[in-house]
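Q: here's my sequence, what's the structure:
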Amino acid sequence: MLCASYAAVTGVSLALRLRSYPNLLRAIQSRAARARTAGRTIAPGELDTFTRLIEIADHHTPFPPSCLRRSLALAWLLASRGVMTELRVGVTKVDDELHGHAWLTIHGAPTATIFYDPTFDELEPLTSLSR
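A: Residues are numbered from 1 along each chain as shown. The predicted structure is shown next:
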């Protein structure tokens with residue numbers, strides 16, 4: 001699964017540079033729909049495992065670590081198990097500096113605490129990027 005996580009992080013990194021966001025999102029949604037049709041599901045504990053492996057993989061690429069890349073890579077892996085996610089992006093201003101963060105939700109709840117912190121609730125959502 002570490003190889004799959006590394007491939008997902010690397011693939012998302014390249015896709016963000018070479019494709020439009022809507023095309024990448026459609027690919028993730030299509031992957032989830034195919035997996036659901038095939039009856040694939042996520043096993044207990046698999047979300048936490050995927051999350052940890054994505055975090056490890058993201059720190060071992062030639063690109064600086066990124067919450068957006070981690071979130072999209074996790075969405076890709078979860079889609080392979082038929083899990084639909086929603087990307088959340090929020091911003092806040094602290095001392096004249098703009099801070100942003102991206103994370104995933106499943107049915108409105110954060111998918112993983114490694115990508116989410118309760119202080120993110122203070123972020124002003126830009127949009128929900130699920131369609």
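Q: okay, and for the protein, where does confidence drop off?
A: 112-131 (pLDDT under 70).
Q: do a quick rundown of the strands in this protein.
A: 86-94, 97-106, 109-110, 124-129 (DSSP state E).
Q: list the contacts of stretch 68-79.
A: Under the criterion Cβ atoms under 8 Å, 6 or more residues apart in numbering, residues 4-5, 8-9, 11-13, 15-16, 24, 28-29, 31-32, 35, 42, 47, 50-51, 54-55, 57-58, 63, 85, 87, 89, 102-104, 106, 111-112, 115 lie in contact with stretch 68-79. For the C-beta atoms, the positions are set from N, CA and C on the backbone; glycine is no exception.
Q: just give me how far it sits from the chain centre.
A: Per Cα atoms, centre = their mean, to the nearest Å, the displacement of stretch 68-79 from the mean C-alpha position of its chain is 3 Å.
Q: same check on stretch 101-114?
A: With Cα atoms, centre = their mean, you get 8 Å for stretch 101-114.
Q: measure the residue nearest the centre of the chain to G39 for me?
A: The residue lying closest to the centre of the chain (Cα atoms, centre = their mean) is S71, at 1.8 Å. For S71, the distance to G39 equals 26 Å [Cβ to Cβ, to the nearest Å].
Q: repeat for A27
A: If you go by Cβ to Cβ, the gap between A27 and G39 works out to 21 Å.
Q: thinking again about what came up before, nearest to S80, of the strands of the chain?
A: strand 97-106 (14.4 Å; Cβ to Cβ).
Q: show me what counts as buried in that closest one.
A: 101-106 (16 or more other Cβ atoms under 10 Å).
Q: just the helices in this structure please.
A: 2-18, 21-37, 46-58, 67-79 (DSSP state H).
Q: winner for burial among those helices?
A: helix 67-79 (a mean of 25; mean count of other Cβ atoms under 10 Å).
Q: sounds good, over and out.
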